[in-house]
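[1] sequence and predicted structure are below.
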Amino acid sequence: MNYTNAQFRSIINGYDFTSTSARDSYFPISSNEAPLTDKATVEAIKAFQTYFQLKVDGIAGPITMAKAEQAMRILQYNLNLVIKANLPVNQPFYGPKTVAAVKEFERRYGYSVDGVANLPVRKRLNDLARQMAA
């Protein structure tokens with residue numbers, strides 16, 4: 001998948017790798033197509049790469065982009081399985097539908113509702129999806 005800069009920013013935002021100081025009123029969705037080279041974005045990319053055990057260089061290259069696509073497919077699959085989110089399986093983006101599904105999951109399971117699939121949310125979602133798939 002070759003994400004636009006805004007799409008990739010939305011993924012790292014949605015996975016809670018962006019510092020709170022870099023968030024705007026549309027967070028986690030981003031429309032920022034600027035190069036992924038500003039300090040906050042490079043740090044978020046490094047955090048993403050560290051979490052997913054990739055080479056940590058702060059560059060959203062092909063391997064990092066492929067991992068983002070894989071992570072999005074898993075997140076959306078799990079949301080579809082656990083809360084019947086009905087997210088399209090061929091659009092691995094962190095867009096409005098994914099934000100809405102994450103918010104619904106957060107509401108149902110007692111998390112702060114912000115549409116961000118932070119680590120505790122992802123862990124619980126993954127555990128529930130594993131139980132349901134077993």
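    Ah, there it is. Residues are numbered from 1 along each chain as shown.
[2] remind me, longest helix of the protein?
    Longest helix in the chain, counting residues (DSSP state H): helix 62-83.
[3] pull out the buried residues from it.
    Buried residues in helix 62-83, defined by neighbour count with 16 or more other C-beta atoms under 10 Å: 64-65, 67-69, 71-72, 75-83. Glycine gets a C-beta too; all of them are placed from N, C-alpha and C.
[4] tell me the one among the residues you listed nearest to residue 132.
    For the buried residues of helix 62-83, the minimum distance to residue 132 (C-beta to C-beta) is 5.5 Å, reached by residue 81.
[5] avg pLDDT for the next helix or strand after the longest helix of the chain?
    Sequence order places helix 96-108 as the next helix or strand after helix 62-83, per DSSP states H and E. The average pLDDT for helix 96-108 rounds to 98.
[6] centre of the chain versus stretch 124-134, how much separation?
    Put simply, stretch 124-134 sits 18 Å off its chain's centre (C-alpha atoms, centre = their mean, to the nearest Å).
[7] check stretch 26-42 too.
    Centroid displacement of stretch 26-42 relative to its chain, using C-alpha atoms, centre = their mean, is 13 Å.
[8] same deal with stretch 12-28?
    10 Å.
[9] buried residues in that stretch?
    12-18, 22, 27-28.
[10] quick revisit: so how far is the longest helix of the chain off the chain centroid?
    Offset of helix 62-83 from its chain centre (C-alpha atoms, centre = their mean): 8 Å.
[11] what does stretch 80-100 give?
    Stretch 80-100 sits 11 Å away from the centroid of its parent chain (C-alpha atoms, centre = their mean).
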